[in-house]
Structure formats: structure tokens, C-alpha cells
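> using only what follows, build the 3D model:
(2 chains)
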Number of protein chains: 2
Amino acid sequence: MSVTIGVFDSGIGGLTVVREIKKLLPTQPLIYFGDTARTPYGTKSPETIIQYAREDTKFLLEHGAGILVIACHSAASTATSTLKQEFSEPIFEVVTPSIEQALALTRRKNIGLIGTRATVTSDVYEKAIHARLPDAKVYSQACPLLVPLVEEGWLKTRESRMIVKKYLRPLKNQQIDTLILGCTHYPVLKQIIQEKIGKKVKIVDPSAEIAHAVYSYLEAKDQLSEKSHGLEDRFFVSDLTPTTQEVVQCFLGNRVRLEKASLPKRE
Amino acid sequence: MSVTIGVFDSGIGGLTVVREIKKLLPTQPLIYFGDTARTPYGTKSPETIIQYAREDTKFLLEHGAGILVIACHSAASTATSTLKQEFSEPIFEVVTPSIEQALALTRRKNIGLIGTRATVTSDVYEKAIHARLPDAKVYSQACPLLVPLVEEGWLKTRESRMIVKKYLRPLKNQQIDTLILGCTHYPVLKQIIQEKIGKKVKIVDPSAEIAHAVYSYLEAKDQLSEKSHGLEDRFFVSDLTPTTQEVVQCFLGNRVRLEKASLPKRE
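Numbering: from 1, shown residues only, chains lettered A, B, ... in the order given. Coordinates of the predicted model:
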């Protein structure tokens, strides 16, 4: 029996995760929910993010999802343990594979993390890394301007380069050897980030790791769709503007039809 | 009888309007609602902004407001006519006084407008200016990065200067003589904006004008509070983070106690 993958994000940045999932699982049915009416999550409080993540999860389950992927790092850092308590479906998220990959890559145990304010202040990465590698040093930097820079489409401007450089300077000074991209928007700036942090620093982008984890799970449960099921993937957003339509391609690599969904029901 | 002024905004930028109101009306009771759980509005669609503005208005009325001030330019541009149809209370908003002031100041009839994407694409300013001054030229520029720059506290950095300069260049090239600050956050950057657009350009900041309009209305209706009513002003936000607390002073000029309100009830 083939199961539908449900992916949610605070907006459309999570399509970078969908892109990797579709590479490995092109025929598996998928449904996406981007909470564009309340984006961003990363500047909001843990209570609010947990409430939103709960509503997003319900939306996906009501629309047939059998397994869940939290593509939003702010939600993954803040809401995963609550969602795992409240829902019985398997939940994959972006934090765990980032940490696995960072632990595999680091040599000097000096790991950097960039993300939204919510992600950085959650301390989830730091705790999980220290549980596995107690003498590792973790340096975090909140980069609130990077999401709006990407959404403005200023991908290779001088201003973007300066801002990335400014944010990365403290991490560079700490001589990190591995840098976790703790936000779905950052892979789009990967080239500039690599340039500013230095060529030798390994960059961790968890999208591909998540896709592998989901693939392994479905394979083990014998729930892989081996042939096309005839259903189209569906992409819902809670708000739809011309700008949203425009930037989809930048994250997903191709155009899809976005459907406007009613806001998830409140508790 | 003294009436309570209700002010709403997508976040806490609207406190720049409260600051001006309190200068003129220090003893008039006031209640503020900042929708920080769903901020920003300026990147969202007209339908979503109208829905949020309706909920914000109901919140203020339920908490005793007798007259309403829309401090958010995105909501004022998009939702004012709907709110005026749906509610009988007097509604003041930031667009009308901006236009009055711009028309009074312009010499060459070349007027610039900066704001969020929602404000700029609403065309409300352009239509209202043309209704009064048909041969005026209105040049608009959406500046989505300025709100996050202010909220990040990067008020006088080199990066902020470069970004302001980049946004203003097309308006400078059009030789505008008057520039409307179409967002509550922009007065905080006024000095840099003046520097980059040129000293001769008149800058329109509608906060003071709104305060005058509200004062005149209350005076005419004999509803001015002449002495302190013994009630404290109340400042509600739909989400509360440490960053919100920190930046309040930058907008309001002094610290106040923010109260977390439940999200307004959905229709």
C-alpha cells in the first residue's frame, strides 16, 4: 500500500525539501502545506509556533497524509516533541539529519549553526550535538535578514554578500569546520555562504538527508509507490500572492499549481 | 464622556503612531493591539489582510474602544473601505493624512511613495492623489527589507545605508520633491532616508497628522478626556517574544507592559 507523504513549512521554503524527496521518490504521493498566511515562524514564540505546527499537522492528516515531514527548522526545533506526543503517525524533521551529518563531517568538533531566532534560541541543536559528542563546541548565529533577502530575490547582490559576511564573521572567528544551514531558505544562498565562511568549511544541508530517511522508512514498511498512482501531488498554501507564485520555482526547481487552503482550524 | 482610542497594527511599529497620539492626548484612554502572531501583513494578499484587520477591529471594540485608528499602512491601504462598511465606529487611518500632507508639500507634483509590497500594489495612494491633483506623478517603490532591518535593530549600519540607497535610487532618478513614508517602521530610518533621497526632498510621516485628526474629532464631539481617568493604557500583542519587548522602546520612546492576548476569533 502506498502512503502519502505530508510536508509542512511556515511558507514555501520547504519546497527545497520536497525537491529532494521527489528526486528519490518520484512516484510517491505527496501533499504540501505552506502556512504563508502566518509566515514567518522564526520570529515568533515557542507557544505560537507549537500551536501553528499542530494546526498544520492536522491539515495534512485531514488531507490523507500517512507520514509527516516538518520542513520548517523553526517548527522542527520547537514543536517536534509535542507533535510526537500528540500524533501517532511517523514524523520526520530537519534537525536530526542535520546533526547526524554534522557529526559525521566535523574534524575539529567546532560546529556552526545559522538559523532563525526561534531555531537558534531553542538550543535543540546544541543539546543534541552534546548528547552525542560532549566535547564538541557549537557556535550559533541567528540571521533574521536572510529569509527576507531570499524572498526579495536579492540572491547575488552586493548587499546580500555583505550581510552574509557580517552574520558569518563571529563563526569564522571561532574557526568552525562545519556549518549547519538551519533554515530552508539558506540553501539558495549556499554559494555566497561557502565563499564567506571559507572553502574548507563543510556545509550541512539536511534536505537530501531527510529524503533518504523517508525512503528507508517506506522501504522497510513496504509502502513505496513503485509505479505512478495517477494522483497529482498537491501544494496548498494558506495565502496566495503573485510573489509566492514567482518564487516557487526558485525553491522547487519547477513550477507547480498552488492551491489556496483555508487556514487550519484553531483549537 | 471620554472615549477610548483603539489602535491596531500588524505588529509593534504602530507604536510610532501611539507616541504622537499620546503627545497630543496624554490623558485620553487608549488600547493597542499588535498582531505579532501573524506579522507582517505587507507581504500577504488583500483577502488575508482584510480578514486580519476585521479580527483586530473586533478585538479593540470588545475591549472598549470607541474610535479606531488603523496604524498599519498595509491594512489601511487594503482594508479601510471594508471596515467602514462593516463597522459604525469612526475609523482613522494613516493613508488620508499622508496624502493631505504630500499635496500640501509638493511643488513640482512629483511624489514618491515607499511601503510594503501590499501597500504599493494597492494603488490607493496613487488613486487618491490623482483624484485631487490629476497631473501629479506618483512613483512607488516596495521596500520589503526595511521592516526586517529595523526589527533586527540595524538602524545605522553600512548595510542599512546601502539598502536604503538602492531602494531610493529609482525615486531619486525621477526627481521627486516629496516622499511619503508608507510604513510605520520607516520613521525610525528617517535620517538615513533623508540623507539618501537628498536634503531638498520633503518627507511625509503621517503619525503626527493622525494624532491631529483624532484630536479634532474628539474636540468636536466633546469627548476629550481633560483629566486623567485613572485607567492605564493597555498594550496587547497576539504573540510575545523577548525581541518584541526589546524593540518597543525604539518605537514608543518608553517602555510599557505588553499583554499577551488570545488571537482574535476567526469568522
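
> going forward, measure contacts between C-alpha atoms and count neighbours the same way
Will do.

> do I have it right that A:Ile180 meets A:Ile114?
Yes - counting by Cα atoms under 8 Å, A:Ile180 touches A:Ile114, with 6.4 Å between them.

> in the stretch 101-250 of chain A, which spans are strands?
Using DSSP state E, counting those that start in this stretch, the strands of the stretch 101-250 of chain A run over residues A:110-115, A:137-142, A:178-182, A:202-204, A:234-237.

> closest to chain B out of those?
Comparing these against chain B with Cα to the nearest Cα, the closest turns out to be strand A:137-142 (10.2 Å).

> got CSV for the strands of the stretch 101-250 of chain A, with distance to chain B and mean neighbour count too?
Listed next are the strands of the stretch 101-250 of chain A as CSV, based on distance: least, Cα to the nearest Cα, whole Å; neighbours: other Cα atoms under 10 Å in any protein chain shown:
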stretch, distance to chain B, mean neighbour count
strand A:110-115, 14, 25
strand A:137-142, 10, 20
strand A:178-182, 18, 26
strand A:202-204, 25, 21
strand A:234-237, 12, 20
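
> reformat these as a markdown table; add mean pLDDT and distance to B:Val214.
Below are those laid out as a markdown table (pLDDT from 0 to 100; distance: least, Cα to Cα, whole Å):
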| stretch | mean pLDDT | distance to B:Val214 |
| --- | --- | --- |
| strand A:110-115 | 98 | 43 |
| strand A:137-142 | 97 | 40 |
| strand A:178-182 | 97 | 46 |
| strand A:202-204 | 96 | 54 |
| strand A:234-237 | 96 | 39 |
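
> adding distance to A:Lys190, write those strands out as JSON lines.
Shown next, in JSON lines, are the strands of the stretch 101-250 of chain A (distance: least, Cα to Cα, whole Å):
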{"stretch": "strand A:110-115", "distance to A:Lys190": "12"}
{"stretch": "strand A:137-142", "distance to A:Lys190": "16"}
{"stretch": "strand A:178-182", "distance to A:Lys190": "9"}
{"stretch": "strand A:202-204", "distance to A:Lys190": "8"}
{"stretch": "strand A:234-237", "distance to A:Lys190": "25"}
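
> and those strands: which comes nearest A:Lys84?
strand A:178-182 (20.7 Å; Cα to Cα).

> report the helix or strand with the lowest average pLDDT across chain A.
Counting by mean pLDDT, DSSP states H and E, chain A has its least confident helix or strand at helix A:242-252, which shows a mean of 83.

> if I pick A:Glu159, what's in contact with it?
B:Glu159, B:Met162, B:Ile163 (Cα atoms under 8 Å, 6 or more residues apart in numbering or on different chains).

> and those residues as JSON lines, adding pLDDT?
Output for the contacts of A:Glu159, formatted as JSON lines (pLDDT from 0 to 100):
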{"residue": "B:Glu159", "pLDDT": "94"}
{"residue": "B:Met162", "pLDDT": "95"}
{"residue": "B:Ile163", "pLDDT": "96"}
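
> how about low-confidence regions in chain A?
By pLDDT under 70, the weakly predicted segments of chain A are A:1, A:228-230, A:263-267.

> spell out which residues make up each domain of it.
A:5-93+A:207-260, A:95-204 (automatic domain parsing).

> what residues does the stretch 101-250 of chain A put near chain B?
By the rule Cα under 8 Å from any Cα of the partner chain, the part of the stretch 101-250 of chain A lying against chain B is A:Pro144, A:Leu145, A:Pro148, A:Leu149, A:Glu152, A:Glu159, A:Met162, A:Ile163, A:Asp239, A:Leu240, A:Thr241.

> counting only helices, which of the residues you listed make the cut?
Per DSSP state H, helices hold the following members of those: A:Pro148, A:Leu149, A:Glu159, A:Met162, A:Ile163.

> out of those, which is most surrounded?
A:Leu149 (21 neighbours; other Cα atoms under 10 Å in any protein chain shown).

> how about the contacts made by it?
Counted by Cα under 8 Å, 6+ apart, A:Leu149 has contacts A:Leu155, A:Ser160, B:Leu145.

> distance to B:Phe87 and neighbour count for those residues - can I get that in a markdown table?
Formatted as a markdown table, the contacts of A:Leu149 follow (distance: Cα to Cα, whole Å; neighbours: other Cα atoms under 10 Å in any protein chain shown):
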| residue | distance to B:Phe87 | neighbour count |
| --- | --- | --- |
| A:Leu155 | 44 | 18 |
| A:Ser160 | 44 | 20 |
| B:Leu145 | 33 | 20 |
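
> any idea what sits nearest the residue of chain A found nearest chain B, other than its immediate chain neighbours?
Per Cα to the nearest Cα, A:Arg38 is where chain A lies closest to chain B, at 4.7 Å. Once flanking residues are discounted, A:Arg38 sits nearest to B:Arg38: 4.7 Å by Cα to Cα, 6 or more residues apart in numbering or on different chains.

> please apply the same query to A:Ala79.
Of all residues not flanking A:Ala79 in the chain, A:Ile50 sits nearest, at 4.9 Å (Cα to Cα, 6+ apart).

> name the residues that touch the helix or strand that contains that neighbour?
In this structure, A:Ile50 sits in helix A:46-62 according to DSSP states H and E. With Cα under 8 Å, 6+ apart as the contact definition, helix A:46-62 has outside contacts at A:6-8, A:31-33, A:35, A:41, A:68, A:74-75, A:78-79, A:82-83, A:118, A:264-267, B:37, B:239.

> ChimeraX command to pick out the buried ones of those?
Restricted to buried positions by 16 or more other Cα atoms under 10 Å in any protein chain shown, the ChimeraX selection for the contacts of helix A:46-62 reads:
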select /A:6,7,8,31,32,33,35,41,68,74,75,78,79,83,118,264 /B:37,239
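
> mind listing what A:Val94 touches?
When contacts are counted by Cα under 8 Å, 6+ apart, A:Val94 touches A:Ile70, A:Ala71, A:Cys72, A:His73, A:Ala76, A:Pro206, A:Ser207, A:Ile210.

> of these, which is the most crowded?
A:Ala71 (32 neighbours).

> show me what contacts that residue?
A:Ala71 neighbours (Cα under 8 Å, 6+ apart): A:Val7, A:Phe8, A:Asp9, A:Gly14, A:Val17, A:Glu93, A:Val94, A:Thr184.

> filter those residues down to just the ones in helices.
A:Val17.

> let's see which of the contacts of A:Ala71 end up in strands.
Under the assignment DSSP state E, the contacts of A:Ala71 contribute A:Val7, A:Phe8, A:Asp9, A:Glu93 to strands.

> what sits closest to the second one if chain neighbours are left out?
Nearest residue to A:Phe8, sequence neighbours excluded (Cα to Cα, 6+ apart): A:Phe33, at 4.7 Å.

> is it true that the one you found touches A:Phe236?
Yes - contact between A:Phe33 and A:Phe236 holds when scored by Cα under 8 Å: they sit 4.8 Å apart.

> hang on, the earlier thing: what's the separation between the residue nearest to A:Phe8 and A:Leu83?
Going from A:Phe33 to A:Leu83 by Cα to Cα, to the nearest Å gives 16 Å.

> so how far is A:Thr57 from the residue nearest to A:Phe8?
For A:Phe33, the distance to A:Thr57 - Cα to Cα - is 9 Å.

> likewise for A:Leu15?
16 Å.

> again with A:Leu105
A:Leu105 is 32 Å from A:Thr57, by Cα to Cα.

> between those two, which one's more packed in?
Taking other Cα under 10 Å, A:Leu105 and A:Thr57 do not tie; A:Thr57 has more neighbours (23 against 18).

> which residues are in contact with the nearest residue to A:Ile193 once chain neighbours are set aside?
Ranked by Cα to Cα, 6+ apart and with sequence neighbours excluded, the top spatial neighbour of A:Ile193 is A:Val164, at 6.6 Å. Counting by Cα under 8 Å, 6+ apart, A:Val164 makes contact with A:Leu146, A:Ile192, A:Ile193, A:Lys196.
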